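>>> Need coordinates for the below:
(one chain, ligands or ions: 2)
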Amino acid sequence: MRSKSVSSAGKASQSSEKAGAQIIVDTLIDLGVDTIFGYPGGVVLPLFDRLYDAPLRFVIPRHEQGGCHMADAYARASGKVGVVIATSGPGACNLTTGLATAMMDSIPVVALTGQVRTELIGNDAFQEADTTGITRPVTKYNCIVKDVEDLERLIREAFLIASTGRPGPVLVDIPVDVQVARHRSGGEVKIQLPGYRIRSKGHARQISAAAAVINRSERPVLYVGGGVISANACAELKALAEKAHLPVTMTLLGLNSYDQSRPESLDMLGMHGSAYANYAVQECDLLIAVGARFDDRVTGKLKAFASNAKIIHIDIDPASISKNVKVDIPVVGDAKVILAALAEELEYRERNRWFSKISEWKKKYPFRYDNNTSSIKPQYVIEELWRQTKGDAIITTGVGQNQMWVAQFYKFNRPRQLISSGGLGTMGFGLPAAVGAQVARLAETVVDIDGDHSFNMTMTELRTAVENELPIKVCILNNGYMGMVRQWQELFYGRRYSKSYLSNPDYADVARALGAVGITVEKKAEVARAVEQMLKEKVPCVVDFRVEREENVWPMVAAGKSLNEMDGLDILESMA
Ligand SMILES: Cc1ncc(C[n+]2csc(CCOP(=O)(O)OP(=O)(O)O)c2C)c(N)n1
Ligand SMILES: [Mg+2]
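Ligands and ions are numbered 1, 2, ... in the order given. Down below sits the predicted model:
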């Protein structure tokens, strides 16, 4: 197992008799935790009392969902485990969307929840909820601590499980009497997970088989997901792609794994991916998937996906092999180790015909939009932000068109730079995620590029940013619509815009009321200056860009279509 800090016993176990709440705090500190997100309540008061003067940074969200997204984004931005605390009942229930978001994107989060007294469990006690039952499907693992003797071990196991193998959220439910009970530790606390095994190296024969196929391939494509970022394997990916001369396409979560300014980059594939990535995948003779899971937004119609290709799948999670698409050569293990070993056996090949075909597609169908309008195009706002931040900001997003335009028009150049809810597609993620990312990366520029309705869902967290002096920036691409819903209604429901329009508040006023700077931009000529001002602000700043209301995201692979059946290519061509 890879995690050093959790597999050995630490200081926390060496001292004299302590209350459970103190054991929790000492164990967290011993595990290297320095930041916690959390919200109090009755049955976590013993723990909060111990946190009163603990040497930890503590950020209180306005809603536990926000706290969970903050811990999640903190983990995505830092590579460490994010920690969130909530009380029983409503507090724990409010975590579920955040846990499901982290689960779908394989993000290491440890949630500690209070529970009613052990003797009351099952009595419908005040603020009792079956937290382990409710969160079982949205966590990698969860447990309830029934005896203070087990407390330190279960917390250490939670960190180990969350951060190793395919990472994910783990919840530990701690009844209030266990927090109060005293325990004298008998010294070293041993992890007791005999069935939890991580294969890290990858089978040498499988690696050689993969290398042989790659070396022979005329038309290969590397298809990279968020797993490469979790595995901190971006340097190995770059070395391999350059050594063997392979084109690289990425999922939404994989986007920041490969420098998009490099010629091998095909940008994002899938439903709103680039035409050149989608064509390349459909016409390749070999698809090399790394840390990706072939989800439906990527594959389109499964039967027609890369149907002439052999498929290599490198993944830490054996359960994801051949789950959606049948794989010819699986290699199970840590992407960092496997990519390095694989590169050793690869040879450089020109593949001139393949690369010239790809550059034809790139020339014909780049991501484009019509900027010859008086209205503000959302894509233009993103490009302007990309220019002024030199492509170097940490970007969080809402869900919908705003998220897809970020994926298309902000070019990323390093890992942990794009923080977005891919798997669950959680509206309301962007703002709390910006808070969590800024806490992890205090010196960097963090920008939430959000949709108006995504922002509506968690906007109270702006106050959390103000209170904690986190200078996050928020660009609301305010089209007045649930734009992605409207786009589907326009294309597939005869423009019947059923319930996809809601009135919005004045976001600059909202920002000011919450103690942030608020700017409204209605004219295209003001966009660049507003971005400049926003980037200079030392306090949280919200810019309400009143963008073109009925802009669509192109290209688009409609649900159930195969990747090469893209709509909107004629529109992209007509803008040339
Ligand atoms: C919590 C949640 N509820 C509903 C949805 C379904 N949904 C996906 S995109 C979208 C509209 C998003 O609107 P907005 O945030 O304004 O973004 P836009 O598409 O306009 O950029 C909706 C309702 C979702 N993804 N998440
Ligand atoms: Mg919108």
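
>>> A280 touches S359, doesn't it?
No - under the criterion of C-beta atoms under 8 Å, A280 is not in contact with S359, lying 10.8 Å apart. Every C-beta, even on glycine, is put in place using the N, C-alpha and C of the backbone.

>>> Which residue of those two possesses the greater neighbour count?
Set side by side, A280 and S359 show more neighbours around A280, with 26 against 12, by other C-beta atoms under 10 Å.

>>> how much space between that one and ligand 2?
Going from A280 to ligand 2 by C-beta to the ion, to the nearest Å gives 31 Å.

>>> tell me the contacts of that residue?
By C-beta atoms under 8 Å, 6 or more residues apart in numbering, A280 lies in contact with R219, V221, P247, T249, L266, I358, W361.

>>> number of nearby residues for the residue lying closest to D177 once chain neighbours are set aside?
With sequence-adjacent residues excluded and distances taken as C-beta to C-beta, 6 or more residues apart in numbering, D177 is closest to R117, at 4.7 Å. R117 has 15 neighbouring residues, counting by other C-beta under 10 Å.

>>> swap in S16?
Neighbours of S16 under the rule other C-beta under 10 Å: 7.

>>> hang on, the residue nearest to D177 packs against A125?
Yes - assessed by C-beta under 8 Å, R117 is found in contact with A125 at 7.5 Å.

>>> I571 reaches W554, doesn't it?
Yes - contact status for I571 versus W554: in contact at 5.5 Å, counting by C-beta under 8 Å.

>>> which residues does the residue in the stretch 301-450 of the chain that ligand 1 sits nearest to contact?
Using C-beta to the nearest ligand atom, the closest approach of the stretch 301-450 of the chain to ligand 1 is made by G400 at 2.4 Å. With contact set as C-beta under 8 Å, 6+ apart, G400 has these partners: M427, G451, H453, S454, M482, G483, M484, V485.

>>> May I see the buried residues of the helix or strand V228 falls within?
Using DSSP states H and E, V228 maps to helix 227-230. Under the neighbour-count criterion of 16 or more other C-beta atoms under 10 Å, helix 227-230 has G227, V228, I229, S230 buried.

>>> Just send those residues back as JSON lines, with distance to ligand 1 and pLDDT too.
Listed next are those as JSON lines, based on distance: C-beta to the nearest ligand atom, whole Å; pLDDT from 0 to 100:
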{"residue": "G227", "distance to ligand 1": "23", "pLDDT": "98"}
{"residue": "V228", "distance to ligand 1": "25", "pLDDT": "98"}
{"residue": "I229", "distance to ligand 1": "22", "pLDDT": "97"}
{"residue": "S230", "distance to ligand 1": "23", "pLDDT": "97"}
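
>>> and of the residues you listed, the nearest to ligand 2?
I229 (27.6 Å; C-beta to the ion).

>>> host element of the nearest residue to that closest one once chain neighbours are set aside?
Computed as C-beta to C-beta, 6+ apart, the closest residue to I229 that is not its neighbour in sequence is P415, at 4.9 Å. P415 belongs to no helix or strand when elements are defined using DSSP H and E.

>>> Look at P415 and report its pLDDT.
Per-residue confidence at P415 stands at 96 (pLDDT).

>>> and what of the one 10 residues further on?
Model confidence at G425, given as pLDDT, is 98.

>>> And for the one 4 residues further on?
In the prediction, the pLDDT value recorded for F429 is 99.

>>> again with S200
pLDDT at S200 comes out at 87.

>>> Run through the residues that contact L240.
So L240 contacts L222, L246, L339, A340, L342, A343, L346 (C-beta under 8 Å, 6+ apart).

>>> Would you double-check that V83 falls in a strand?
Yes - the assignment for V83 (DSSP: H, G, I helix; E, B strand; the rest coil) places it in a strand.

>>> ok, now how distant is the closest residue to it other than its chain neighbours from D53?
The shortest distance from V83 to any non-neighbouring residue, by C-beta to C-beta, 6+ apart, is to I36 (4.8 Å). Using C-beta to C-beta, to the nearest Å, I36 is found at 14 Å from D53.

>>> Equivalent analysis for Y276, please.
57 Å.

>>> ok, those two, which is more surrounded?
When Y276 and D53 are compared for neighbours, Y276 comes out ahead with 25 against 8, by other C-beta under 10 Å.

>>> so what's that one closest to, chain neighbours aside?
Excluding its sequence neighbours, the residue lying closest to Y276 (C-beta to C-beta, 6+ apart) is W361, at 3.9 Å.

>>> N324 too?
Per C-beta to C-beta, 6+ apart, closest to N324 is F294, 4.2 Å.

>>> ok, that neighbour - how many residues close by?
22.

>>> distance of it from ligand 2?
Distance of F294 to ligand 2, computed by C-beta to the ion: 29 Å.

>>> Can you tell me how far that residue is from A241?
20 Å.

>>> what about the residue in the stretch 1-150 of the chain positioned nearest to ligand 2, neighbour count?
Proximity to ligand 2, evaluated over the stretch 1-150 of the chain using C-beta to the ion, is greatest for H69 at 19.1 Å. A count of nearby residues for H69, using other C-beta under 10 Å, gives 36.

>>> Pull the contacting residues for the nearest residue to it once chain neighbours are set aside.
The spatial neighbour of H69 that comes closest, neighbours along the chain excluded (C-beta to C-beta, 6+ apart), is P432 at 3.9 Å. P432 is in contact with P61, Q65, G66, G67, H69, M70, A73, T458, E461, T464, counting by C-beta under 8 Å, 6+ apart.

>>> Which helix or which strand is home to the fourth one?
In this assignment (DSSP H and E), G67 forms part of helix 64-78.

>>> Give me the average confidence score over that helix.
On average, helix 64-78 scores 99.

>>> what about that helix, near ligand 1?
No - for helix 64-78 and ligand 1, the contact criterion (C-beta under 6 Å from any ligand atom) is not met; the two come no nearer than 9.7 Å.

>>> Now that helix: buried residues?
Quick answer for helix 64-78 (16+ other C-beta under 10 Å): 64-78.

>>> For the stretch 401-550 of the chain, what lies in contact range of ligand 1?
Taking C-beta under 6 Å from any ligand atom as the measure of proximity, the stretch 401-550 of the chain contacts ligand 1 at 401-402, 425-428, 451-454, 477, 479, 481-485.
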